[in-house]
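Colleague: Here is my input; please provide its structure:
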Amino acid sequence: MASRLMLLVFPAIVVLSAGCQDNSRVVAELQSQGASVARNLDDTVKSVRFDGQSPTDADLQKLESFKTLQEVFAVAPDVTDAGLTALNGMEKLHTVSVAGSAVSGDCLATLIKLPALNYLDLSNSSKLQEDKLESLRGNSQIQTLRLTNTNLTDKSIDVIASMTGLKHVRIAGTQVTDEGIAKLATALPGLETLEFGSDQITDSAAMSLAPLTGLQELEILNTQISDEGLGALAGLSKLRILAVHHSPRISDAGIALLGRLPELYSLDVSHSEFTGADFKQAGFVTLTRLFADNTKVTNDNIGSFKGLPELGALKLRGTEVTQEGVSRFFASNDPTAVAVGPMPAE
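Modeller: From the prediction side, this is the model:
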């Protein structure tokens, strides 16, 4: 009887062992190409990050054997819809971040069926076709959607606005207009993170954000927003991180209106007309970091930042501020670290 039981059990052990060997072989192949593979406590594969290479469709198809895979990260100009479609059936996969890809969007009909998917990033995918986003309509599972620098227009907003589970949306570098932003803010009042921006965006978009009472992070870039628009943002009392950069129409007057935001700890006003004059008088008592690169700040008004109680990092690169000017107000052991000089190469 014992011998019979051993015979019944033995084939299953062989199959399991072969599967583990196959997984180990695939892991070794991926790692030899520079990919990082993270494991769960039981040694199964949890995450694959293609750091040292740009993967191909064939590389993504290798991931089929990792039934416990939860996350995929890659910058992948050679990946097409075929590569992402190969992720079909991966029940634990919750994060798909494949930026800079060559997908058209045909893969979305497959990805949307992944039962755990809550994070989708197809940023910088220049071949993404707007009509293919229709597969996402009505989805309530995805919480994070990143489509930065893609071919989106206000037409896409109809689909995104129907995705009721969204908490974090990034759509900067698209052709979405004020009208699209207003529709998004009305349809998704529970958003916690929003990023948008193009030269078509004006103060109207900023004023339309009032329904987003729980918004914690907002990034607006390359827009025509002015001080009037900044005044509207001052009503978003839950904001903790605010970036309004590459917006040349904003100045000290508008930025001062943000000083009473009760939870703001990070502010980026780089590439603007900001001089910093009387900055401290506006409030900003919770601010821990300020980015004001390529602005109008000079040695004459750097003292405006001295004495802010929580400020730990001040970036003034690409301005006329010199190290000598910094030394007049900030000692080498000052709790505020000040960075000046040329902007680092990107």
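Colleague: so who does the closest residue in space to residue 226 that isn't next to it in sequence touch?
Modeller: Nearest residue to residue 226, sequence neighbours excluded (Cβ to Cβ, 6 or more residues apart in numbering): residue 249, at 4.1 Å. (Each C-beta comes from the backbone N, C-alpha and C, glycine too.) Contacts here follow Cβ atoms under 8 Å, 6 or more residues apart in numbering; on that basis residue 249 touches 224, 225, 226, 227, 273.
Colleague: now do residue 250
Modeller: If you count contacts by Cβ under 8 Å, 6+ apart, residue 250 has them with 225, 226, 227, 229, 230, 244, 269, 272, 273, 274.
Colleague: What sits closest to it if chain neighbours are left out?
Modeller: Counting by Cβ to Cβ, 6+ apart, residue 272 is the residue found nearest to residue 250 once chain neighbours are left out, at 4.8 Å.
Colleague: Can you classify the one you found as helix, strand or coil?
Modeller: coil (DSSP: H, G, I helix; E, B strand; the rest coil).
Colleague: Could you do residue 61 as well?
Modeller: Put simply, residue 61 is helix when judged by three-state DSSP.
Colleague: tell me, how many neighbours does the residue nearest to it when sequence neighbours are not counted end up with?
Modeller: Excluding the flanking residues, the one nearest residue 61 by Cβ to Cβ, 6+ apart is residue 86, at 4.3 Å. Around residue 86 there are 20 other residues, counting by other Cβ atoms under 10 Å.
Colleague: surely residue 86 meets residue 57?
Modeller: Yes - Residue 86 lies in contact with residue 57 (Cβ atoms under 8 Å); the separation is 7.2 Å.
Colleague: wait, what's in contact with residue 218?
Modeller: Taking Cβ under 8 Å, 6+ apart, one finds 193, 194, 195, 209, 233, 236, 239, 241, 242, 243 in contact with residue 218.
Colleague: now swap in residue 225 and tell me
Modeller: 201, 202, 203, 205, 206, 244, 247, 249, 250.
Colleague: So which of these belong to strands?
Modeller: residue 244 (DSSP state E).
Colleague: now the helices for the chain?
Modeller: Along the chain, counting by DSSP state H, helices occupy 2-32, 57-61, 81-85, 108-111, 154-160, 178-187, 203-207, 227-233, 252-256, 323-327.
Colleague: Tell me which of the ones you listed sits nearest to residue 148.
Modeller: Closest to residue 148 of the helices of the chain is helix 154-160 (Cβ to Cβ; 12.6 Å).
Colleague: So which other helices or strands are in contact with the closest one?
Modeller: If you count contacts as 3 or more Cβ pairs under 8 Å, 6 or more residues apart in numbering; DSSP states H and E, helix 154-160 packs onto helix 178-187.
Colleague: Name the surrounding residues that touch the helix it packs on.
Modeller: With contact meaning Cβ under 8 Å, 6+ apart, helix 178-187 is reached by 153-154, 156-158, 160-162, 169, 191, 194, 196, 200-202, 204-205, 208-212.
Colleague: Also stretch 34-52?
Modeller: Stretch 34-52 has contacts (Cβ under 8 Å, 6+ apart) with 23, 27, 30-31, 33, 53, 55, 59, 63, 66-76.
Colleague: Pull out the buried residues from the contacts of residue 250.
Modeller: 225, 226, 227, 229, 230, 244, 269, 272, 273, 274 (16 or more other Cβ atoms under 10 Å).
Colleague: Can you check the pLDDT for the residue nearest to the fifth one when sequence neighbours are not counted?
Modeller: Yep, that's residue 230 we're talking about. Leaving out its chain neighbours, the residue that sits closest to residue 230 by Cβ to Cβ, 6+ apart is residue 254, at 3.6 Å. Per-residue confidence (pLDDT) for residue 254: 97.
Colleague: Sweet, I'm off.
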